[in-house]
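Enquirer: Provided below are the primary sequence and the corresponding predicted coordinates.
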Amino acid sequence: MIVLQSASRDTRALQPLLTVKPRQIRRLLLPLPIIVLMLIFGYSAYYLSNQNGIRALTESGERQLGLHTRALESEISTHTYLPSLLELESSVSKLLLGPSEPRRLKVNRYLEGLNRRSGSRAIYVLDLSGRVLATSNWRDADSFQGEDLAFRAYFQDARLGKPGRFYGIGSTTGEAGYYLAHGLRQHDKIIGVAVVKVRLQALEERWEQARLQAYVSDENGIIILSSDPANRLKAIRPLSAETRTKLASSLQYHWSTLDELKPIARQTLGPNTELLTLAASSAQGAAAEPSSYLAQTRQLNDSLWSFTLLSPLQDVRRQAISQGILAAVAFALLAFLLIAWNERRKVLATRLAAREALEQANNQLERKIAERTSDLRASNDRLKAQIRERRLAEETLRKAQDSLVQAGKLAVIGQLSTSIAHELNQPLAALRTLSGNTVRFLQRGALDTVTSNLATINQLVDRMGRITASLRAFARRSDDSGQAQLNKAMDAALFLLHPRLQETPLQIHRAYSDAHLAIDQTRLEQILVNLIVNALDAMRAQEQRQLWLDGRVDGAHYRLQIRDNGPGIPPALRKHLFEPFFTTKPGEQGLGLGLTLSASLAVAAAGSLSVQHPEAGGTAFELCLPLVPHAETHPHE
Ligand code: ADP
């Protein structure tokens with residue numbers, strides 16, 4: 001019991017080891033840094049992917065840029081030398097030096113044929129005042145014939161001997177085109193100007209077919225060619241008021257407003273590379289989102305024009321976003337796995353700690369059990385030793401008691417010896433007389449008398465035998481176990497006391513039933529003899545002696561009361577009654593062992609002997625003894 005209690009105390013001591021409270025707080029705060037890290041990872045992946053995408057786009061853009069600028073250059077260069085060719089044509093110089101209708105017609109026809117062959121839009125010749133003398137489209141209604149183009153910058157440049165390059169919108173047709181002008185010389189003197197107008201729209205159509213987004217800006221920063229028609233004739237950089245006036249006066253772009261192409265966002269990446277976000281053009285619809293482009297610009301050879309390639313960043317952005325999401329998700333997954341792994345590790349560690357603590361507690365418990373067991377063994381050994389000692393003492397006591405019982409018996413026998421001797425002497429004397437008489441009657445031949453005498457002799461011998469047998473039985477040693485029959489014991493006791501009862505007249509009132517008592521037969525007889533002898537002794541001086549023997553069943557016990565009408569016991573002596581060797585009887589008559597022994601025999605049989613002092617007088621001893629349970633009674637008794 002003690003061991004178990006201490007064990008439960010030990011297990012209670014383990015409990016704090018198994019509960020971890022701050023973990024819950026940590027668990028609540030954990031998602032925040034994970035989300036922040038997820039965003040950082042996601043953004044980093046997006047940023048790197050975007051940068052890589054832009055780099056790759058830049059590289060491929062560079063290649064495309066080379067291709068397209070060369071295509072543009074070759075397109076232009078095809079017509080570059082066309083105006084200077086007219087210098088070789090004598091009819092042209094003749095017309096310039098001396099204009100006349102036939103000469104004009106001739107030149108017109110010549111120019112018409114040349115224009116057809118070269119695939120240009122128009123070829124025409126101006127005199128030094130800027131008036132058109134001859135033109136390839138002389139047959140058309142909107143012919144340039146006679147028009148004054150002195151205001152055109154290309155004319156002014158060519159007039160001064162510089163190559164006139166000009167992209168503009170035709171003042172007559174309103175059609176855009178590339179004008180190449182050349183000062184026609186004769187003897188190092190400029191006599192006129194030859195102009196070729198080339199349409200570059202074919203390039204735009206080709207771009208559209210190839211789904212290429214690009215534009216070409218001229219020396220003024222005006223977009224002259226664009227894959228997106230909405231961007232055409234827009235300024236790529238702010239125009240000063242002075243430039244605007246100059247351009248308006250030259251009518252280079254006709255009456256165009258020359259709005260600025262304003263990107264929503266612009267980021268310069270390199271000398272000729274930038275990121276542009278352009279508003280959606282009206283062609284794409286009002287709801288369309290602004291688009292971002294990588295804009296790479298390259299200047300054309302022998303020209304002030306620039307070719308700008310616009311590579312949409314949409315795909316790069318989309319890929320970067322998906323890679324960013326992928327990285328964030330991968331990080332979240334990794335974080336989740338790490339957390340799960342960490343949790344598992346903690347659980348395992350807690351389990352391990354619990355197991356260790358349990359083992360420790362177990363070891364402690366075992367140690368304590370071992371200690372307690374050895375304590376118990378020691379106290380067990382001590383107990384065994386004590387039991388041995390007790391047994392020895394009991395044995396000694398029993399032996400002493402036996403000796404006392406024996407002594408008590410012998411004392412009774414001693415007390416009874418006079419009356420026994422008397423009892424035996426009587427039949428002996430009778431035997432002697434009878435045997436003498438019988439001999440005489442035998443001699444006389446009175447056989448009837450002899451027979452009756454012998455019968456009497458037989459009876460007397462029987463009686464003597466019974467007396468000695470009962471004495472022997474009384475003196476016999478007995479033990480604690482056994483069963484007794486009350487009637488039999490009472491008869492034996494009264495028979496033993498018969499001589500004394502004969503001496504003094506006595507009235508016995510029997511009021512008990514036969515009972516099976518759990519005490520040795522001889523011991524019960526001995527108790528009864530002691531109590532009856534004491535009663536007889538007490539009533540010695542009494543005239544009318546009366547003895548009451550009353551019995552009754554009391555539960556599992558039987559109570560037998562032996563009451564006399566003697567003088568009773570003086571109160572001063574009552575407490576000494578059961579003391580050994582207490583006697584009031586004079587001389588050898590009393591040993592003072594009778595009550596002591598009777599009481600100890602009753603107690604040994606799990607019963608008791610007590611004394612009562614009835615008010616009516618006399619003394620009553622009550623013997624209480626356990627009844628033998630019905631099933632245990634020996635059938636032969
Ligand atoms: P003993 O008979 O040898 O004296 P007991 O132990 O039997 O020893 O009795 C002790 C004393 O108790 C007796 O001497 C007697 O004085 C007293 N006593 C016992 N029985 C009675 C009795 N029935 N009436 C009066 N006195 C008694």
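Expert: That came through, no problem. Numbers count the residues shown, from 1 in each chain.
Enquirer: neighbours of residue 616, how many?
Expert: 9 (other Cβ atoms under 10 Å). All C-beta atoms are positioned from the backbone trio N, CA, C, and that covers glycine.
Enquirer: distance from stretch 267-281 to the middle of the chain?
Expert: Centroid displacement of stretch 267-281 relative to its chain, using Cα atoms, centre = their mean, to the nearest Å, is 58 Å.
Enquirer: who touches it?
Expert: The contact list for stretch 267-281, computed with Cβ atoms under 8 Å, 6 or more residues apart in numbering, reads 54, 58, 228, 230-231, 261, 263-266, 286, 288-298, 310, 313.
Enquirer: next one: stretch 320-328
Expert: 38-39, 41-47, 49-50, 53.
Enquirer: redo these as JSON lines? Include pLDDT.
Expert: Listed next are those as JSON lines, based on pLDDT from 0 to 100:
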{"residue": "38", "pLDDT": "89"}
{"residue": "39", "pLDDT": "91"}
{"residue": "41", "pLDDT": "91"}
{"residue": "42", "pLDDT": "92"}
{"residue": "43", "pLDDT": "94"}
{"residue": "44", "pLDDT": "93"}
{"residue": "45", "pLDDT": "93"}
{"residue": "46", "pLDDT": "93"}
{"residue": "47", "pLDDT": "93"}
{"residue": "49", "pLDDT": "93"}
{"residue": "50", "pLDDT": "91"}
{"residue": "53", "pLDDT": "92"}
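Enquirer: and residue 562, what is it in contact with?
Expert: For residue 562, the contacting residues are 528, 531-532, 535, 547-549, 620-621, 623, by Cβ under 8 Å, 6+ apart.
Enquirer: nearest to the ligand, of the contacts of stretch 320-328?
Expert: Of all those, the ligand sits closest to residue 38, with 108.6 Å by Cβ to the nearest ligand atom.
Enquirer: wait, isn't the closest one in contact with residue 331?
Expert: Yes. The criterion here is Cβ atoms under 8 Å, and residue 38 meets it with residue 331 at 5.4 Å.
Enquirer: restrict the contacts of residue 562 to those near the ligand?
Expert: Among these, proximity to the ligand is found for residue 535 (Cβ under 6 Å from any ligand atom).
Enquirer: show me which of the contacts of residue 562 is closest to residue 519.
Expert: residue 623 (9.5 Å; Cβ to Cβ).
Enquirer: next one: the closest one from the ligand, what distance?
Expert: 13 Å (Cβ to the nearest ligand atom, to the nearest Å).
Enquirer: what does residue 609 give?
Expert: Separation of residue 609 from the ligand (Cβ to the nearest ligand atom): 11 Å.
Enquirer: so which helix or strand takes in that residue?
Expert: strand 608-612 (DSSP states H and E).
Enquirer: and that strand, what does it pack onto?
Expert: Packing partners of strand 608-612 (3 or more Cβ pairs under 8 Å, 6 or more residues apart in numbering; DSSP states H and E): helix 594-604, strand 620-626.
Enquirer: report the rounded mean pLDDT for the longest one.
Expert: When pLDDT is averaged along helix 594-604, the result is 85.
Enquirer: with stretch 211-221 instead?
Expert: The pLDDT scores in stretch 211-221 average 87.
Enquirer: ditto for stretch 121-129
Expert: Stretch 121-129 shows a mean pLDDT of 91.
Enquirer: buried ones in that stretch, by neighbour count?
Expert: Across stretch 121-129, burial judged by 16 or more other Cβ atoms under 10 Å covers 121-127.
Enquirer: which residues sit in contact with residue 504?
Expert: Contacts of residue 504 by Cβ under 8 Å, 6+ apart are 536, 539-540, 545.
Enquirer: neighbours of residue 397, just the number please.
Expert: Residues lying near residue 397 (other Cβ under 10 Å) number 13.
Enquirer: what distance do you get for it to residue 594?
Expert: Distance, residue 397 to residue 594, using Cβ to Cβ, to the nearest Å: 19 Å.
Enquirer: returning to what we had before: in strands only, show me the contacts of stretch 267-281.
Expert: Secondary structure from DSSP state E places 265-266, 291-298, 310 of the contacts of stretch 267-281 in strands.
Enquirer: ok, and which of these reach the ligand?
Expert: Near the ligand, by the rule Cβ under 6 Å from any ligand atom, you find none of the ones in strands among the contacts of stretch 267-281.
Enquirer: in CSV: those residues, plus pLDDT and neighbour count.
Expert: Below are the ones in strands among the contacts of stretch 267-281 laid out as CSV (pLDDT from 0 to 100; neighbours: other Cβ atoms under 10 Å):
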residue, pLDDT, neighbour count
265, 86, 10
266, 87, 12
291, 85, 19
292, 88, 21
293, 90, 20
294, 91, 22
295, 92, 24
296, 93, 22
297, 92, 18
298, 91, 17
310, 90, 22
